[in-house]
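> Build me a structure from this.
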Amino acid sequence: MLPLLLAILSNAPLGHASPCQGMDGCTCFDPASAQCQGLSAIPDTVPSGVNLVAFDDCDFPLLEVLPESYSGISQLFIRSSRVANISDGAFENLARLQVLDLRGNQLRTLHPGMFRGMAELSSLHLSNNDLQLLPEGLFANLPSLVRLDLSVNYHITFSPGSLYIEESELMEINLSDCSLTALPEALSDVPSLNSLELKSNNFTRLEEDTFDPVKNSELSVLQLDDCNLDFVHEDAFSGLSELESVSLSTNRLSYIPRQTFQPCWETIERVSLDNNRFENLPDDLLPWFKLSEIRLARNPWYCDCGMSWMSKVGELESVMEDNIT
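Numbers count the residues shown, from 1 in each chain. You can find the predicted model right below:
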């Protein structure tokens, strides 16, 4: 199903197409998908064998309980379709659903009853809505949830317990472009967290306690690109001993204390510092020779004797050479 899913996500051609029997306004693609556009109501039936249904640019202000004929689908996309409200139990007939994509709608308020009956759901996309306060226990009915995308919700806030799931398997959370100035305390309820995307927020400074909500997690991937950062405390990553990848690209950083990466010295593999204001870096900032990827381009490097150590790390020369003075 992966090639089919990628095609749906990119709106690429899906192969042989024909009208879907019983789904007016929809096109069925081999082997098992239906794509619908411009509808004002969700069709009552889904052809046998279809397990992926995509609705785009439709008009569904109120999403009511989907018919039992949808019980066999595993992936449901309802994107840019003016969804503003979702009834309790709207998806309870979709017990096999694994992917639910509701991006680009007009959702403001969510409540736990909306997600009842989806014990197998692993991926939930709610980006580019107008989400406000997330209530306690919102995702408690989603025990298999692994990926959660809440990006591009400019007014989002989190009640205590809003991210709590008993025996959580949640590993990836995207909070990019959410106008955040601090990490939500609700993240402390996600000990299984592995990847946190925080691009295009307004943190400005990484203080000693910035990452307190995730210090008891399994965090290994941290993305902080384009966050207007101009300060990093030497203990900002204290307690994040499993970090493997850190991206600080496209900020206003000119200095990082040499102790910053000490807590993850044994695990760090990939670091992005490109498009900042660095003129130099200390030779012991990172374990340079063990990194699998380092991005340093588009910085105003000033090469003097204090930077001569970089000539010993051949891989660094090519990524710096565009801005050396």
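
> switch to C-alpha atoms for all contacts and neighbour counts from now on
Will do.

> ok, which stretches of the stretch 151-300 of the chain are strands?
Counting by DSSP state E, counting those that start in this stretch, the stretch 151-300 of the chain has strands at residues 157-158, 172-174, 195-197, 205-206, 221-223, 231-232, 245-247, 270-272, 293-295.

> Adding mean neighbour count and mean pLDDT, write these out as CSV.
CSV is the format used below for the strands of the stretch 151-300 of the chain (neighbours: other Cα atoms under 10 Å; pLDDT from 0 to 100):
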stretch, mean neighbour count, mean pLDDT
strand 157-158, 17, 98
strand 172-174, 21, 98
strand 195-197, 20, 98
strand 205-206, 18, 98
strand 221-223, 20, 98
strand 231-232, 19, 98
strand 245-247, 21, 98
strand 270-272, 20, 97
strand 293-295, 17, 93
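
> Nearest to residue 85 among the ones you listed would be which one?
Closest to residue 85 of the strands of the stretch 151-300 of the chain is strand 157-158 (Cα to Cα; 18.4 Å).

> quick one: strands adjacent to that closest one?
When pairing is defined by DSSP bridges, strand 157-158 lines up against strand 133-134 (parallel).

> before we move on, the earlier item: can you lay out the strands of the stretch 151-300 of the chain as TSV showing distance to residue 20?
TSV is the format used below for the strands of the stretch 151-300 of the chain (distance: least, Cα to Cα, whole Å):
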stretch	distance to residue 20
strand 157-158	41
strand 172-174	34
strand 195-197	38
strand 205-206	53
strand 221-223	42
strand 231-232	55
strand 245-247	45
strand 270-272	46
strand 293-295	47
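
> Indicate which one of these is closest to residue 40.
Ranking the strands of the stretch 151-300 of the chain by proximity to residue 40 (Cα to Cα) places strand 172-174 first, at 30.3 Å.

> re the thing from before, figure out which of the strands of the stretch 151-300 of the chain is closest to residue 119.
strand 172-174 (17.8 Å).

> Identify all contacting residues around that closest one.
Residues from elsewhere that reach strand 172-174 (Cα atoms under 8 Å, 6 or more residues apart in numbering): 146, 147, 148, 149, 150, 151, 193, 194, 195, 196, 197, 198.

> please redo it, this time with the cut-off set to 6 Å
Strand 172-174 has contacts (Cα atoms under 6 Å, 6 or more residues apart in numbering) with 147, 148, 149, 150, 151, 194, 195, 196, 197.

> Looking at these, spot the one nearest residue 96.
residue 147 (16.5 Å).

> I figured that closest one hits residue 123, correct?
Yes. In terms of Cα atoms under 6 Å, residue 147 counts as a neighbour of residue 123; the distance is 4.7 Å.

> what about the closest residue to residue 86 other than its chain neighbours, how many residues close to it?
Distances taken as Cα to Cα, 6 or more residues apart in numbering place residue 63 nearest to residue 86, at 4.7 Å, with adjacent residues excluded. When neighbours are counted by other Cα atoms under 10 Å, residue 63 registers 20.

> Please report phi then psi for residue 63.
Torsion angles at residue 63 (phi, psi; degrees, to the nearest 10) stand at phi -90, psi 110.

> Next one: it from residue 90, what distance?
For residue 63, the distance to residue 90 equals 7 Å [Cα to Cα, to the nearest Å].

> With residue 169 instead?
Using Cα to Cα, residue 169 is found at 23 Å from residue 90.

> Could you do residue 82 as well?
Taking Cα to Cα, one finds residue 82 at 16 Å from residue 90.

> higher neighbour count, those two?
Set residue 82 next to residue 90 and count neighbours by other Cα under 10 Å: residue 82 wins out with 21 against 18.

> Output the lowest mean pLDDT helix or strand found in the protein.
When each helix and strand of the chain is scored by mean pLDDT, DSSP states H and E, helix 2-10 comes last, with a mean of 43.

> Next SSE downstream of that one?
strand 17-19 (DSSP states H and E).

> Neighbours of residue 311, how many?
By the criterion of other Cα under 10 Å, residue 311 has 10 neighbours.

> That one belongs to a helix, doesn't it?
Yes. Applying DSSP: H, G, I helix; E, B strand; the rest coil, one finds residue 311 inside a helix.

> Count the residues that sit near the nearest residue to residue 292 once chain neighbours are set aside.
Among residues not flanking residue 292 along the chain, residue 269 sits closest, at 5.4 Å (Cα to Cα, 6+ apart). By the measure other Cα under 10 Å, the count of residues near residue 269 is 20.
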